[in-house]
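Quick one, fold the following:
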Amino acid sequence: MITDSYNESEEIISPKDFYGERKKVCDICIVTFSKDIFYEIIKREDAKKISEIDNCNKTIDIYGFDYNGKKVGIYISELGSAIASMCIMDVNHLIGATKFVMFGSCGVINDIAKGKYVIPTIAYRDEGMSYHYKAPSDDINIKNAKIVEEVFKELKIPYISGKVWTTDAIYKETKDNVKKMRDKGYIAVEMELAGVEAVCQNKNIELYDFLQSGDVLAEEFYDVIGIKEANHSLDKFYIALKIIDRIS
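Numbering: from 1, shown residues only. Below is the predicted model of the structure:
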């Protein structure tokens, strides 16, 4: 793996080149990967489009809604470490948010995570984006995991905290790799966190992440039955609001 991509010289391209001067609309933004959750939230009477990520192949709408006297942003992120990280940098520039609450689903690679929410404390960097924004290492610490854990404790929601494996290669989560990661103490696998956390640490953005366990990866079989609930359960949105209460 090429791991020498990180350096601190001046960046040539920035969101300003595409979107102009940085704007300030709100401080906090919710990142969801679920179209079902997003479309449900933008039905609210107070939900209004506040900006958009405008790419050559699609437009990603950014909406805002009122919560406890504050404007909160929300958008559907693209999947995968590199593009999810790019989205956060663009949204940070477009609406000025510096705190992002991100949630999604994860695959279970250890039975202790089955049927639970997962609060990542460490992410294994089996992707490419993080190596451009943080010096090379196997893992990255998830800075605000303790804050998220405190909210779950207060809400008395069953959860487990632990190490997760970030990979962009969903179709190469092989039996040997799953066993290797489980033997090293990783409890779940997902596709974005290592890169997003590295970008946020580099750009002084605060990230608050939690996951809902869904599909199960085992050496003998793959069980997809729980993935729809993990992806689209609206409960995650209301947990995100409680995290916003804590950080705002």
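
what's the helix ranked longest in the chain packed up against?
The longest helix of the chain (DSSP state H) is helix 81-95. Under the contact definition 3 or more CB pairs under 8 Å, 6 or more residues apart in numbering; DSSP states H and E, helix 81-95 sits against helix 16-19, strand 28-32, strand 48-54, strand 59-67, strand 70-76, strand 99-108, helix 193-202. Heads up, the C-betas are built off the backbone N, CA and C, glycines and all.

Go through these and name the closest to Glu154.
Relative to Glu154, the nearest member of the helices and strands packed on helix 81-95 by CB to CB is strand 99-108, separated by 15.5 Å.

Can I get the closest one as PDB, trimmed to CA atoms?
Output of strand 99-108 as PDB, limited to C-alpha atoms (Å, rounded to 0.1, in the frame of the first residue of the first chain):
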ATOM      1  CA  LYS A  99     -19.600  20.000  14.000                       C
ATOM      2  CA  PHE A 100     -20.900  16.900  12.100                       C
ATOM      3  CA  VAL A 101     -23.000  14.100  13.600                       C
ATOM      4  CA  MET A 102     -22.600  11.100  11.300                       C
ATOM      5  CA  PHE A 103     -24.500   7.800  11.500                       C
ATOM      6  CA  GLY A 104     -24.900   4.800   9.300                       C
ATOM      7  CA  SER A 105     -24.800   1.000   9.300                       C
ATOM      8  CA  CYS A 106     -22.000  -1.500   9.900                       C
ATOM      9  CA  GLY A 107     -21.400  -5.200   9.300                       C
ATOM     10  CA  VAL A 108     -20.900  -7.400  12.300                       C
END
